[in-house]
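Visitor: sequence unknown, structure follows:
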């Protein structure tokens with residue numbers, strides 16, 4: 001009964017975002033509310049809002065801040081362990097709408113758990129909207145406004161720094177060993193962050209992700225090849241990447257222009273977008289000097 005009562009309070013508060021009570025006291029989320037997050041970017045925002053103590057579990061992509069790594073894990077957003085989530089007895093589950101199937105949503109509804117879904121767009125405005133939406137839903141509007149001010153300042157500083165960035169052709173390879181290698185096409189997070197960093201995606205003929213082929217590599221002929229840090233490690237480092245068929249025929253391969261970044265930072269489109277743009281722009285510029 002105690003959990004049900006707490007859940008009812010939380011649900012009522014969700015419907016009262018940006019409203020006040022009759023005595024003008026701002027509504028707050030109960031301190032005892034338990035949150036499970038199924039997205040790394042959302043987890044980072046929840047923590048940034050000062051609610052990390054309320055997070056009782058996350059998906060495996062929730063790795064920043066570092067302290068989130070110690071939280072119980074409930075799988076990947078594409079394969080959530082529902083029993084694992086339920087065992088944590090959360091009042092609220094937060095996630096990105098496109099990452100939650102109707103079947104999973106139905107399971108949470110049956111269990112009486114409030115599911116809050118957010119839209120994510122891979123742009124500067126999209127990141128700000130996500131921060132604001134999470135803050136609104138968790139009744140942390142003032143803190144969200146403060147986070148957005150910092151975000152705006154960081155992005156503005158970044159944009160001044162990349163005005164002279166060369167329009168290098170950058171190819172992103174998602175790798176999990178040589179048996180799983182995909183190329184990031186148009187419309188993906190990496191496509192958008194490459195553009196924000198002042199460069200261009202070497203891929204122009206398709207959207208989303210497609211398996212890497214030697215023909216596609218040669219056709220794209222990138223100046224720079226970008227991977228996640230752990231992606232390059234899964235190939236055995238730079239030497240392993242150079243043995244992939246087609247790499248040696250590209251400008252990037254001939255000149256050994258390979259760069260890596262932390263995956264969560266590069267593709268998060270959340271609080272650290274300004275940092276991601278700055279780091280990527282700097283690495284691209286250093287590579288093409």
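Guide: All right, it came through fine. As the structure is a prediction and not an experimental result, all values here were calculated from the model. Numbering: from 1, shown residues only.

Visitor: Residue 260 - that's part of a strand, no?
Guide: Yes: checked against DSSP: H, G, I helix; E, B strand; the rest coil, residue 260 lies within a strand.

Visitor: what about it, neighbour count?
Guide: 18 (other CB atoms under 10 Å). From N, CA and C alone the C-beta is placed, and that goes for glycine too.

Visitor: hey, what's it bridged with?
Guide: Beta-bridge partners of residue 260, counted by DSSP bridges, are residue 227.

Visitor: element containing the nearest residue to residue 258 once chain neighbours are set aside?
Guide: The shortest distance from residue 258 to any non-neighbouring residue, by CB to CB, 6 or more residues apart in numbering, is to residue 225 (5.1 Å). With secondary structure defined by DSSP states H and E, residue 225 is part of strand 224-228.

Visitor: next one: residue 203
Guide: Per DSSP H and E, there is no helix or strand for residue 203.

Visitor: how close does it sit to residue 175?
Guide: The gap separating residue 203 from residue 175 is 15 Å, by CB to CB, to the nearest Å.

Visitor: Neighbour count: the two, which is higher?
Guide: residue 203 (25 against 21).

Visitor: Any stretches of the stretch 51-200 of the chain with poor pLDDT?
Guide: 163-166 (pLDDT under 70).

Visitor: Which parts of it are strands?
Guide: Secondary structure of the stretch 51-200 of the chain (DSSP state E, counting those that start in this stretch): strands at 55-58, 75-76, 79-80, 92-96, 114-118, 169-175, 181-184, 200-201.

Visitor: residues contacting the closest residue to residue 120 other than its chain neighbours?
Guide: Once flanking residues are discounted, residue 120 sits nearest to residue 96: 5.0 Å by CB to CB, 6+ apart. The neighbourhood of residue 96, defined by CB atoms under 8 Å, 6 or more residues apart in numbering, consists of 38, 39, 41, 42, 77, 117, 118, 119, 120.

Visitor: Could you count how many residues lie near residue 213?
Guide: 13.

Visitor: What number of residues are in the vicinity of the residue lying closest to it once chain neighbours are set aside?
Guide: In space, and not counting its chain neighbours, residue 213 is closest to residue 246: 7.3 Å by CB to CB, 6+ apart. Residue neighbour count, defined by other CB under 10 Å, stands at 17 for residue 246.

Visitor: residues touching residue 246, list them.
Guide: Contacts of residue 246 (CB under 8 Å, 6+ apart): 212, 213, 214, 215, 216, 217, 218, 253.

Visitor: List the backbone torsions phi and psi for the last one.
Guide: Which is residue 253. With angles defined as degrees, to the nearest 10, residue 253 sits at phi -70, psi -40.

Visitor: Local confidence estimate at it?
Guide: Per-residue pLDDT puts residue 253 at 97.

Visitor: Just give the nearest non-adjacent residue to residue 210, would you?
Guide: residue 183 (5.7 Å).

Visitor: Great, nothing more from me.
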